[in-house]
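Student: Give the three-dimensional model of this entry:
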Amino acid sequence: MSKFFAFGAALLAFACALPSFAQDDASKCPEGFVQLFNGKDLTGWKPCKRDFHPYPLLEMTDAERADFYAKHQAEFEKCWTIENGELVNDGNGPYASTEKFYKDFELRLEYKTVAKADSGIYLRGNPQVQIWDTTKEGGKWNLGADKGSGALWNNQKNARMPLVYADKPFGEWNTVRITMKDDVVNVWLNGKQTVKDTVMEYTWDRSKPVPPTGPIQLQTHGGEIRWRNIFIKEL
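Tutor: Residues are numbered from 1 along each chain as shown. Have a look, this model is predicted:
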């Protein structure tokens, strides 16, 4: 009997020693990346009022930019909170904007949203990698929501709809990988490529290119969205 007990104990010890590939593994910073959200507070993030053009933000002095951020800080802290290591927005308030500006990069993150929400990821402060409520009940099939999230929806001349539908159902986390080199963007949503080698247009003046550098911004629009495991690698 003692031999069986010893064998069972050995099996249990072996099982406990196996690596975990659940959320704990996903939350580890990939090699060569840095963490943009520490899971505890808003360090590294600043408020940017909705749809504020990135070129004026770039042209500010450091003092002007600090004053600009300070005007929206109270609302920022009200609408953006941290729960269980997740960055949570209630659908209102200024966008969460990285204090640091980025040129060429690879961005990885996860998000989870709710019905009726409509959000996105701004690259160098420019809209956007789209996040939809893709259901018919969401009421935006006329805008292309039925095609899915993960595309450069604000494009006009270049591709603006995703190559494939890749969204997960409400309540599940979606994984996003984005690369941006010069003005060319690639996007993978839940492991499926939704944007391939597509030029991102500057939304407010299509005669101009997207800014050469700028912040990563998380949009607020229409409903709660949660973010986690936000990592970036400069290229």
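Student: Read off the pLDDT value for Ala17.
Tutor: pLDDT, Ala17: 40.
Student: same deal with Phe231?
Tutor: Phe231 is given a pLDDT of 98.
Student: now the one 3 residues further on
Tutor: Turning to Glu234, the model gives it a pLDDT of 98.
Student: check contacts around it.
Tutor: 102-105 (CB atoms under 8 Å, 6 or more residues apart in numbering). To be clear about C-beta, it is placed using only N, CA and C from the backbone, and glycine gets the same treatment.
Student: What subset of those residues is buried?
Tutor: Buried by 16 or more other CB atoms under 10 Å: 102, 105, out of the contacts of Glu234.
Student: how about Asp118, what does it touch?
Tutor: 131-133, 140, 221-223.
Student: Which one among these sits at the bottom for pLDDT?
Tutor: Gly222 (80).
Student: ok, now how distant is that residue from Asn190?
Tutor: Counting by CB to CB, to the nearest Å, the separation of Gly222 from Asn190 is 21 Å.
Student: And for Ala63?
Tutor: Taken as CB to CB, the span from Ala63 to Asn190 is 42 Å.
Student: Ok, Phe37 next?
Tutor: On the measure of CB to CB, Phe37 and Asn190 end up 20 Å apart.
Student: more crowded one of these two?
Tutor: Using other CB atoms under 10 Å as the criterion, Phe37 and Asn190 rank with Phe37 on top: 23 against 18.
Student: part of a strand, is that one?
Tutor: No - Phe37 is assigned coil when assessed by DSSP: H, G, I helix; E, B strand; the rest coil, not a strand.
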